[in-house]
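[1] Give the three-dimensional model of this entry:
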Amino acid sequence: MPIKQKVTGGASGIGRGVAQMLVKHNIKVFIADRDLEGAQKLVNELNKDSQVAKCAQVDVANWNSQAKAFSQAVSDFGRIDYVYPIAGIGERAWIPNDPSLSGFQQPDLSVLDIDLTGVLYTVALAVQQFRKQQPGKDGFRGKIGCVASVCGFYTCPTLPVYTAAKHAVVGLVRSYGKYLPEEKITMNAACPNVVRTNISAAAFYDQMEKEGLLAPIEGVIGVFEKLLGPDPTSGVTFEIGPNYKDQGAVPRKGIEYLDKESETCFDMLYKRSRPLHQPR
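    Purely as a prediction, here's the structure:
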């Protein structure tokens with residue numbers, strides 16, 4: 001059976017590159033993006049020689065929208081082997097800095113809605129679909145490739161909500177990604193430094209490029225390409241930096257336990273919580 005995959009945020013940037021890479025490997029793609037016109041344009045390009053791509057409009061922060069698009073992908077393809085939650089936005093002014101305002105203003109949490117909740121929705125849909133499928137020829141029910149950020153490792157004082165969202169995605173992959181292989185599912189994350197996408201203005205990227213600080217988008221795509229097929233890696237976060245050509249994608253480990261007691265505590269927590277993920 002041909003391998004299929006679903007990409008959120010696939011109309012441009014990293015998602016576009018991942019979709020193109022997968023088609024190169026004879027993998028059919030379903031692109032879900034808020035920009036339906038851009039998604040359809042890419043689908044038309046990918047379908048130039050044969051019918052390998054379809055698309056749908058989706059608001060990743062809306063569960064019903066994601067579920068509808070995912071259901072369409074399953075209906076069109078029958079089986080989903082790879083899922084890539086890639087859609088994301090950059091930092092917003094989450095608290096208005098205007099002391100003259102009366103009362104209190106609700107914070108803008110759209111970055112969390114898209115960069116975290118949207119990822120959790122996609123992962124939830126993927127896992128539920130994978131559980132319905134038998135392992136494929138490589139021994140897996142399915143694979144998930146998240147896009148996090150170096151802001152999931154480091155902190156930037158002026159990017160508090162974006163940093164919180166990416167720390168959460170890194171934590172999700174490092175935790176849940178270590179459990180999922182029990183169900184023949186894998187989940188990893190590419191964590192790039194600044195990549196030229198549509199999140200920031202061109203002038204900012206030009207400045208970063210002038211300083212030699214941009215991370216190549218090919219580094220992110222390379223991580224996902226390496227994880228195709230029989231590769232059993234799961235629960236790993238790969239950092240892609242400006243020196244990617246020399247360093248490659250670097251697996252980054254989580255913080256070490258403070259002591260043996262802390263390690264034992266988490267072993268007990270793992271065993272206590274494992275039934276939450278077992279069939280009922």
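
[2] Show me what counts as buried in stretch 164-176.
    Neighbour counts over stretch 164-176 (16 or more other CB atoms under 10 Å) mark 164-170, 172-174, 176 as buried. Backbone N, C-alpha and C define where each C-beta goes, glycine included.

[3] With stretch 121-137 instead?
    Neighbour-count burial for stretch 121-137 [16+ other CB under 10 Å]: 121-123, 125-127, 129-130, 133, 136.

[4] what does that stretch contact?
    1, 3, 6, 8, 60, 63, 66-67, 70, 74, 79-81, 83, 85, 141-142, 144, 146, 172, 176, 180, 183-185, 187 (CB atoms under 8 Å, 6 or more residues apart in numbering).

[5] list the buried ones in the helix or strand in which G17 is found?
    Taking DSSP states H and E as the criterion, G17 maps to helix 13-24. Neighbour counts over helix 13-24 (16+ other CB under 10 Å) mark 13-23 as buried.

[6] How about stretch 185-200?
    185-197.

[7] In helices, which of the buried residues of stretch 121-137 fall?
    In this view, these that belong to helices under DSSP state H are 121-123, 125-127, 129-130.

[8] Reformat those into CSV and put pLDDT and distance to L228 next to each item.
    Shown next, in CSV, are these (pLDDT from 0 to 100; distance: CB to CB, whole Å):
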residue, pLDDT, distance to L228
Y121, 98, 24
T122, 97, 19
V123, 98, 19
L125, 97, 20
A126, 97, 16
V127, 98, 19
Q129, 97, 18
F130, 98, 16
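
[9] of all those, which comes closest to V111?
    Proximity of those to V111 (CB to CB) peaks at Y121, which lies at 15.2 Å.
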